[in-house]
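Novice: Coordinates for the following, if possible.
(3 chains)
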Amino acid sequence: MPLTIADLKKGERATIIDSSSEDIPLKLLEMGCLPGNDVELLQVAPFHDPMYLNINDSFVAIRKETAALILIKEINE
Amino acid sequence: MSEIVQNIIIGVIGLLAIAFLIKKFIWTPKKKKPNSCGKDDCGCH
Amino acid sequence: MSKQINVALIGNPNTGKTSVFNALTGLNQKVGNYPGITVDKKEGICKLSRGVKAHILDLPGTYSLNASSLDENVVIELLLNKNDKDFPDVAVIVSDVENLKRNLLLFTQIKDLKVPAILVINMADRMSRKGISLNIKLLEEQLKTKIALVSTRKNEGITDLKNLIENYKTLSTEPCLDTSTIDSEYFSSLKHAFPNQDLYKLWVVISQDANFGKIDRNELDFSKFKTKSKSELKRLQQKETIKRYQFINSVLKEGQTIDVSKAKGFRAQFDRVLTHKVWGYVIFFVILLTIFQAIYDWATVPMDFIDSSFASLADWIKTAFPGGGKLTDLIAEGVVAGIGGVVIFIPQIAFLFLFISILEESGYMSRVVFLMDRVMRRFGLSGKSVVPLISGTACAIPAIMATRNIENWKERLITILVTPFTTCSARLPVYLIIIALVIPEGRFLGLSYQALTLMLLYLIGFGMAVFSAYILDKILKTNRKTFFVIEMPNYKVPLLKNVALTVIEKTKSFVFEAGKIILAISIVLWVLASYGPGNDFKNANTIVEQNFPELKGEQLDNKIAAFKLEHSFIGIVGKTIEPAIRPLGYDWKIGIGIVTSFAAREVFVGTLATIYSVGSALDDDDKTIKNRMAKEVHDNGDKVFTFASGISLLLFYAFAMQCMSTLAIVKRETNSWKWPMIQLFGMSFIAYIVALIAYQILK
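Specialist: Have a look, this model is predicted:
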């Protein structure tokens, strides 16, 4: 099962490898959610949803179902 | 002011008020887009 | 002759664009509407040098030219239409020094449309605190623009900006990116098909079409050109975004240095507490309670003042024009009372928006949305529904207008439909008097029964909103996709100027939107209450004098007024609906009160005062009305206002859709008849049933 942002735990970092899913809002891509960029999970709300992330130095919150569409590799502490 | 004149003025004001309300509630402004964000997903994403 | 330069102010949300707008225009601004759509049009005038001024259009914040909502679409519509009278001579793009990378995406897109552009780098006062240093000369060179380093907080850089605007003709219109590098195959065939058109502009038109449904572009004929599918276009848009970021990254690599060791910030610490799984919610709840308490306390003084002022005004009109007769009555009782009914809510609304605006300006509101989204979604709402629902406790009208930032149409629609269930200020006068009448004295856990009942009513209102959202979510067509993205801005100290201007704007919208309708309805109702068919009405004076020969002076006048009301058009309506409302414990007199509440709910109290011939409620305090109401009996001797009928009335007012102004706004925001009608009938039906059950059980 490929890793996605939804799998991150609080404080973990990763690199985005694919954000080409149709259902990812373009706005998110324009904020820097692109392959090669870094993402860090800063806070989570109860039930892990929404997720408050630092994507490419943009601080955004997205829902878990959107996070599950963005593939990552290398989870770091 | 005679009563009749008063009643006429009041009548006119009343009709203006009603006309205003009709305009607010019944008249739908002309839309440029055929879609209205009232029913279906108009692609407003 | 003075020269006017058209300026378009564009930028990401949260860059302080509004502050820049306010700094340039001050009070010379106004908010209107774009024709045909529910988006605010904000414009203002800025004096540059002698004889030269700038007309500034503050466009909705957007992250890129690829619109994802109605208001973002306004930006692209303007920039593509050279014939629009607001088409800019120069675009001022506002960016935030801490988010330059992302802000520049929009900037490069606008440059590529060949519009002269100035880059404002705002919040410059935070540069040293964050360890950021910029090579302005280099940035200007590589981005082919002129830069104004601005700090609206310290009021620096605005004069530079004004100079740059005035000298807009010296700006370069060279693009940043060569459009064909996005995808050489696609773009060369595009160039081939449309040799005379600007390539990037073409591309924007094509991709917008996919984003936003039918927009007709009559200048361009696409019938000969085979267009790509929606998903292929999206892929190309992604490619464009990647290409742009590559360009931006290379520019910033040289032009910007960040010394991370110098960076100080409280964001992380604040967030740890404010979005904490437990404390986050506790803190939010406490803040909410504080706000409600403050509004309740602070608003009473000005409200009382307004109440007595309007009462005095009405009295003065009556006495100053004794020969005026009916016309002065219309003005005093219809017009002045109608306007007074609107003005009296200004304090509550202004205070509520003061708090909401402070929470938004500080950045805290986004955290609230973050905390509440999951909970809200179970009920078909969005985290962004929190602000409208809270605002609804002042008045549903500005609340419904605040739903415009909810991306998902279904979540937005449901929010609009259920917000009127929250207890708005207008319901309070009704609640307070009924509670005082039927709820017994006594305390429970330190709080009086009366206070508890009031709190309960607030909870019921909110609970009903959430519950009906849940039902609506199940009934309405499900829209699987979610486009929820919310930026979490830096915490900052709210700028007083921005807060003040927001409060003024929101209050104005309430006064003029609701005000006009309330005034019109007040006039109509006054006419219906002051004229009646038949001889009983015409001969009211004689009839009353005959039947009550012992009454004199003011008492006689009051009796005549009550008699006239009973036989007026409205009185007849009240009597006609009596059989329908008897099972709820009401009589025709209360029936009249319910009908007049369609102008504004609080009119109920004043109407009852007239009916029970206490004279105008304005010159007597509540005690008299209360005593009179307490003594009211039915024909069979039973009291009218019992515990059962009181509760029934409270519940009726909690759920009934009586506010015509709200219906008008819902109609405008949803652009259709269907939804306000559903609200009207649905809510009234619920109100009727619940009040009925309550009365039958309790009596």
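Novice: Strands of the chain, residue ranges please.
Specialist: Picked chain A for this. A:13-18, A:38-44, A:51-55, A:58-62, A:71-76 (DSSP state E).
Novice: My question was about chain C, not that one.
Specialist: Ranges of strands in chain C, per DSSP E, are C:3-11, C:29-33, C:40-47, C:52-58, C:90-96, C:117-122, C:132-134, C:146-149, C:256-258, C:443-444, C:447-448, C:485-487.
Novice: Could you export those strands to TSV, including columns for mean pLDDT and mean neighbour count?
Specialist: To be clear about C-beta, it is placed using only N, CA and C from the backbone, and glycine gets the same treatment. Putting the strands of chain C into TSV (pLDDT from 0 to 100; neighbours: other Cβ atoms under 10 Å in any protein chain shown) gives the following:
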stretch	mean pLDDT	mean neighbour count
strand C:3-11	92	21
strand C:29-33	81	14
strand C:40-47	90	18
strand C:52-58	92	21
strand C:90-96	94	26
strand C:117-122	94	26
strand C:132-134	89	17
strand C:146-149	92	21
strand C:256-258	84	15
strand C:443-444	81	10
strand C:447-448	81	14
strand C:485-487	89	22
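Novice: between the strands of chain A, which one is nearest to residue C:464?
Specialist: strand A:58-62 (28.5 Å; Cβ to Cβ).
Novice: To residue C:473, which of the strands of chain C lies closest?
Specialist: Using Cβ to Cβ, the strands of chain C put strand C:485-487 closest to residue C:473, at 20.6 Å.
Novice: Partner strands of that closest one, with direction?
Specialist: Sheet pairing for strand C:485-487, assigned by DSSP bridges, gives strand A:58-62 (antiparallel).
Novice: on that earlier part again, can I get the strands of chain C in CSV including distance to residue C:666?
Specialist: Output for the strands of chain C, formatted as CSV (distance: least, Cβ to Cβ, whole Å):
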stretch, distance to residue C:666
strand C:3-11, 31
strand C:29-33, 16
strand C:40-47, 17
strand C:52-58, 26
strand C:90-96, 33
strand C:117-122, 37
strand C:132-134, 46
strand C:146-149, 42
strand C:256-258, 47
strand C:443-444, 38
strand C:447-448, 35
strand C:485-487, 25
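Novice: Residue C:525 versus residue C:129, what's the distance?
Specialist: Remark: distance between residue C:129 and residue C:525 (Cβ to Cβ, to the nearest Å) = 59 Å.
Novice: So between the two, which is more surrounded?
Specialist: Taking other Cβ atoms under 10 Å in any protein chain shown, residue C:129 and residue C:525 do not tie; residue C:525 has more neighbours (24 against 12).
Novice: Per-residue pLDDT of residue A:16, please?
Specialist: In this prediction, residue A:16 carries a pLDDT score of 91.
Novice: Let me see the contact set for it.
Specialist: Each residue near residue A:16 by Cβ atoms under 8 Å, 6 or more residues apart in numbering or on different chains is listed here: A:5, A:33-39, A:55, A:70-72.
Novice: what does chain A have sitting close to chain B?
Specialist: residue A:25 (Cβ under 8 Å from any Cβ of the partner chain).
Novice: pLDDT below threshold where in chain A?
Specialist: Filtered on pLDDT under 70, chain A yields the residue ranges A:77.
Novice: ok, and does stretch C:417-429 reach over to chain B?
Specialist: No: in terms of Cβ under 8 Å from any Cβ, no part of stretch C:417-429 sits within range of chain B; the closest distance is 11.5 Å.
Novice: send the alpha carbons of that stretch over as CSV?
Specialist: What follows is stretch C:417-429, C-alpha atoms only, in CSV (Å, rounded to 0.1, in the frame of the first residue of the first chain):
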residue,chain,number,x,y,z
LEU,C,417,-30.9,26.9,5.3
VAL,C,418,-30.3,26.1,8.9
THR,C,419,-28.7,29.3,10.2
PRO,C,420,-32.1,31.0,10.8
PHE,C,421,-32.7,28.4,13.5
THR,C,422,-30.1,30.0,15.7
THR,C,423,-31.6,32.4,18.2
CYS,C,424,-31.3,35.8,16.7
SER,C,425,-31.5,39.1,18.6
ALA,C,426,-35.0,39.8,17.4
ARG,C,427,-36.4,36.8,19.2
LEU,C,428,-35.1,38.1,22.5
PRO,C,429,-37.8,40.7,23.3
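Novice: taking the mean pLDDT, what do you get for that stretch?
Specialist: On average, stretch C:417-429 scores 90.
Novice: Now do the contacts for the residue of chain A most remote from its centre.
Specialist: Most distant from the centre of chain A: residue A:46, at 17.0 Å, with distances by Cα atoms, centre = their mean. Taking Cβ under 8 Å, 6+ apart, we find residue A:46 in contact with C:277, C:374.
Novice: Closest to the centroid, which residue in chain C?
Specialist: Most central in chain C (Cα atoms, centre = their mean) works out to residue C:398, at 2.8 Å.
Novice: who are the neighbours in contact with that residue?
Specialist: C:349, C:353, C:391, C:506, C:509-510.
Novice: Please identify which two of the residues you listed are farthest apart in space.
Specialist: C:391 and C:509 (11.6 Å).
Novice: These two - which one has more neighbours?
Specialist: Between residue C:391 and residue C:509, counted using other Cβ under 10 Å, residue C:391 has the larger neighbour count: 25 against 18.
Novice: quick revisit: looking at the strands of chain C, which is closest to residue C:575?
Specialist: Per Cβ to Cβ, nearest to residue C:575 of those: strand C:447-448, 37.1 Å.
Novice: Quick check: neighbours of that closest one in the sheet, parallel or antiparallel?
Specialist: Strands that pair with strand C:447-448, judged by DSSP bridges, come out as strand C:443-444 (antiparallel).
Novice: What's the local residue count around the spatially closest residue to residue C:302 that is not a sequence neighbour?
Specialist: Distances taken as Cβ to Cβ, 6 or more residues apart in numbering or on different chains place residue C:347 nearest to residue C:302, at 4.2 Å, with adjacent residues excluded. Residue C:347 has 22 neighbouring residues, counting by other Cβ under 10 Å.
Novice: Show me which residues of the stretch 351-500 of chain C sit near chain B.
Specialist: So the stretch 351-500 of chain C meets chain B at C:407-410, C:413, C:477, C:479, C:481, C:483 (Cβ under 8 Å from any Cβ).
Novice: Cool, thanks, talk later.
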